[in-house]
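K.L.:
Return atomic coordinates for the entry below.
(one chain, ligands or ions: 1)
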Amino acid sequence: MSAPVRVGTRRSLLATTQAGQVADLIRTRLGRETELVEITTDGDRSQAAGTPITDVPASNTGVFVGALRDALLDGRVDVAVHSLKDLPTAPAAGITLAAVPEREDPRDVVVARDGLTLGELPVGSRVGTGSPRRAAQLHALGLGLEIVGVRGNVDSRVRMVHDGTVDAVILARAGLARIDRLAEVTEVLDPLQMLPAPGQGALGVECRSDDALATELAGLDDPRSRAAVQAERAVLATLEGGCSAPIGALADVVEGDDGDELWVRAVALSLDGALSVRMSASGATADAIGVGNRLASDMLADGAGQLDPPAADPATDEPPEVQP
Ligand SMILES: NCc1[nH]cc(CCC(=O)O)c1CC(=O)O
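P.N.:
Coordinates of the predicted model:
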């Protein structure tokens, strides 16, 4: 008899539901007992204290991720379950992304008052989102919507529509699906109008690199989902090297003559949505990272690095050098 696999999760309803789903897979597919362990993250703490997320130091990118990874490395848990879109693209020392289970529908959705779609919202309607990517793409639609910065968990954002704080919010369909709230959706956004965040709708199952559990957890991997998110995250990683603009990316897996192919679309936008670089690429799923990297390089060559005023370098207070 082996000890139960300890599955680490954040405390929110979405996080515990996601972790519960991975624990179910570990039990049914791998035949191992499991135990959920709730880890309070810096993100949860700052949220409880009412600190806006933008006040969290930039070194805390992936603020929701760090505490779970610490628990993994400390040996308090054996598995960490994350929303892949919240995982930084840089690898973490000693940690392996052991599985990307089959992905949920990655699209963004609208939850609006009175069953309205985006196009039906009157000019001046207040739309809540804390995501620069969603805000920029909403501005780019030219509907005259007022973007209101909101934060909090999925449940509290839906409540802002019901209590009239905002006319609508934009959320990931996957999050609502996982907590069984799809009935709230008033429109599923076409990726032509709103490209999701890289990795949206997918889970990342991490474990310690030196743990034999990694080989077992690989049994939960869905190769198509993994290839898609690898391509999207490669777009993000390469663009992050050259720009700070909001980024959307979506890879679709299609059957080609020589096996599965990836069709990848991506956009980088200025914060106000006025400027954007939008491109597509395709290639073999086996070359997912290469496809994403090339797409992002083409976007940088087309000006994706010049969409936003460069931030000042805090060390010198001088603006950074801009590539010609
Ligand atoms: N940034 C928060 C977050 N991280 C993952 C999801 C939803 C689930 C997913 O995309 O996998 C959400 C909420 C949202 O964006 O609506």
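K.L.:
CA atoms for contacts and neighbours, from now on please.
P.N.:
Fine.
K.L.:
Nearest residue to the most centrally placed residue in the chain in space, please, no chain neighbours.
P.N.:
Central residue of the chain (CA atoms, centre = their mean): residue 85, 2.0 Å from the mean position. Spatial nearest neighbour of residue 85, excluding adjacent residues (CA to CA, 6 or more residues apart in numbering): residue 199 at 4.5 Å.
K.L.:
next one: residue 15
P.N.:
Nearest residue to residue 15, sequence neighbours excluded (CA to CA, 6+ apart): residue 9, at 6.0 Å.
K.L.:
how much space between that neighbour and the ligand?
P.N.:
Per CA to the nearest ligand atom, to the nearest Å, residue 9 is found 13 Å from the ligand.
K.L.:
Check the burial of that residue by counting its neighbours.
P.N.:
Per other CA atoms under 10 Å, the neighbour tally for residue 9 reads 28.
K.L.:
Let's test this: what are the backbone torsions at it?
P.N.:
phi -150, psi 150 (degrees, to the nearest 10).
K.L.:
and the next element down the chain from the helix-or-strand element of the chain with minimal mean pLDDT?
P.N.:
Sorted by mean pLDDT, DSSP states H and E, the helices and strands of the chain end with helix 42-48, the least confident at a mean of 53. On the C-terminal side of helix 42-48, the nearest following helix or strand under DSSP states H and E is helix 63-74.
K.L.:
List the buried residues in that next one.
P.N.:
Neighbour counts over helix 63-74 (16 or more other CA atoms under 10 Å) mark 63, 64, 65, 66, 67, 68, 69, 71, 72, 73 as buried.
K.L.:
Quick check: the residue nearest to residue 15 vs residue 189, distance?
P.N.:
Applying CA to CA, to the nearest Å, the value for residue 9 to residue 189 is 29 Å.
K.L.:
Tell me where the chain has helices.
P.N.:
Taking DSSP state H, the helices of the chain run over residues 13-30, 42-48, 63-74, 132-140, 154-162, 173-178, 213-217, 223-240, 288-301.
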